[in-house]
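S.K.: got a structure for you, letters missing:
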């Protein structure tokens, strides 16, 4: 049975915040993230009748990362590794802003592919196998890229004089 | 808390500023238009209404399948712009340059074909052709789906040029575009590298206007459309890598 507009509206409202957050972690840019989410929802709606209910979110996530990942599939480039700011420990608005800046600066040290893998692994909590499947990469590529990304993050954390990242993902 | 936990927590923290301002009616309207374009492109409903007059005069070339093969290296496709042509009714295609290459792949509305068309970009003096993928209907009408072209250097320089991937970003289905491209040189066999170093042989056909321009494409059953290659190789008739 075809799925209706009401279901899509409900899905879009419930999923858009998380998709937006993921897009922001990937791009670091609010407007680009919003544009990406709109593009994804257009594509999801175009295919809505043939997406199974339980797969809607996964489908949207795949479309989002394919859309954003086009950047790495053309010229692959490294991001400039800026100085990583120290992280505030207070729980106020200034600390939130500091946390966001800290996070984006750390992620900004990664290539787009590394960043995508880190976001899928640690924001969406996907396994390496799931990440490989979503990004259409080999599990070995995901594992080695993830490891390299964590090394860079670790170096960034060290630069900000914060205790090291452990090897949980290895 | 480890720093990895801190990273995860920071990534997952809510942020009131990161709530998209959605215009759902506009999104759904655009989604409907996209759905209609796909149906027109792949369902055949509008296929008969858009003809390309030049097709009747075209000489048709038949591809030769490349045999299986050995190891690879990273793809050297360089940078390029990939521009989508959603539907010929919206963006009329120009005349094909040379013969249309048949693939034998059919999707119910016609046969998947490849052909070159002219590119005219003032900033790209040495790029005069782009490789299209489209469909040739049973009634002999040609439809373009997608074109790739180089954005630097010369379009006839030796080696691989831009590779075209299915642009939809959606999981592959019967309407997806098989991965394709062209190589300049005496290639007899072309292989793509996929997961775990596995290689996939491409189908190859010589371009009618210059036989050292080899058009290739990967069978969707061997390489799912949209899946990126990790490398690509060309070999001459003796098996020597080019």
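M.R.: Yes, it's here. Remember, it's a predicted structure, so these values are computed and weren't measured experimentally.
S.K.: tell me the secondary structure for the residue nearest the centre of chain A?
M.R.: The residue lying closest to the centre of chain A (C-alpha atoms, centre = their mean) is residue A:119, at 3.5 Å. For residue A:119, the assignment made with DSSP: H, G, I helix; E, B strand; the rest coil gives helix.
S.K.: so where does the spatially closest residue to it that is not a sequence neighbour fall, helix or strand?
M.R.: Leaving aside its sequence neighbours, residue A:119 sits nearest to residue A:25 (C-beta to C-beta, 6 or more residues apart in numbering or on different chains; 4.8 Å). For glycine as for every other residue, the C-beta is placed from the backbone atoms N, C-alpha and C. Of the helices and strands defined by DSSP states H and E, residue A:25 is found in helix A:5-27.
S.K.: Output the contacting helices and strands for that helix.
M.R.: helix A:30-46, helix A:56-73, helix A:112-118, helix B:24-43 (3 or more C-beta pairs under 8 Å, 6 or more residues apart in numbering or on different chains; DSSP states H and E).
S.K.: Could you export those helices as a markdown table, including mean neighbour count and mean pLDDT?
M.R.: Below are these laid out as a markdown table (neighbours: other C-beta atoms under 10 Å in any protein chain shown; pLDDT from 0 to 100):
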| stretch | mean neighbour count | mean pLDDT |
| --- | --- | --- |
| helix A:30-46 | 21 | 89 |
| helix A:56-73 | 20 | 78 |
| helix A:112-118 | 24 | 88 |
| helix B:24-43 | 16 | 71 |
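S.K.: so which of these gets nearest residue A:9?
M.R.: Judged by C-beta to C-beta, the one of the helices and strands packed on helix A:5-27 that comes nearest to residue A:9 is helix B:24-43, at 5.9 Å.
S.K.: Now do the domain split for chain A, please.
M.R.: A:1-75, A:76-164 (automatic domain parsing).
S.K.: where along chain B do the strands fall?
M.R.: B:60-61, B:64-65, B:80-84, B:97-106, B:111-118, B:129-136, B:142-150, B:159-160, B:180-184, B:189-193, B:199-201, B:203-207, B:210-217, B:231-235 (DSSP state E).
S.K.: The closest residue to chain B within chain A - nearest residue in space that isn't next to it in sequence?
M.R.: Chain A approaches chain B most closely through residue A:45 (3.0 Å), counting by C-beta to the nearest C-beta. Of all residues not flanking residue A:45 in the chain, residue B:31 sits nearest, at 3.0 Å (C-beta to C-beta, 6+ apart).
S.K.: What sits closest to residue A:64 if chain neighbours are left out?
M.R.: residue A:40 (4.7 Å).
S.K.: how much space is there between that neighbour and residue A:129?
M.R.: 23 Å (C-beta to C-beta, to the nearest Å).
S.K.: Can you give me the end-to-end span of stretch A:43-61?
M.R.: 11 Å (C-alpha to C-alpha, to the nearest Å).
S.K.: Then stretch A:116-131?
M.R.: Using C-alpha to C-alpha, the distance between the terminal residues of stretch A:116-131 is 9 Å.
S.K.: for chain A, which spans come out with low pLDDT?
M.R.: A:1-3, A:52-54, A:70-100, A:157-170 (pLDDT under 70).
S.K.: before we move on, back to that, the residue nearest to residue A:45 touches residue A:51, doesn't it?
M.R.: No: using C-beta atoms under 8 Å, residue B:31 makes no contact with residue A:51, being 11.9 Å away.
S.K.: Next, show the common contact partners of these two.
M.R.: Both residue B:31 and residue A:51 are in contact with residue A:44, where contact means C-beta atoms under 8 Å, 6 or more residues apart in numbering or on different chains.
S.K.: on that earlier part again, what angle sits between the helix holding residue A:25 and helix A:30-46?
M.R.: 140 degrees (axes from the mean of the first three to the mean of the last three C-alpha atoms, to 10 degrees).
S.K.: Burial check on residue B:111, number of neighbours?
M.R.: Using other C-beta atoms under 10 Å in any protein chain shown, residue B:111 has 16 neighbouring residues.
S.K.: For the nearest residue to it once chain neighbours are set aside, give me its contacts.
M.R.: Taking C-beta to C-beta, 6+ apart as the measure, residue B:111 lies nearest to residue B:136, with 5.0 Å between them; neighbours along the chain are not counted. Residue B:136 sits next to B:55, B:100, B:102, B:110, B:111, B:113, B:142, B:143 when contact means C-beta under 8 Å, 6+ apart.
S.K.: show me the contacts for residue A:64.
M.R.: A:19, A:22, A:23, A:36, A:37, A:40.
S.K.: do you know how far residue B:159 is from residue B:214?
M.R.: 11 Å.
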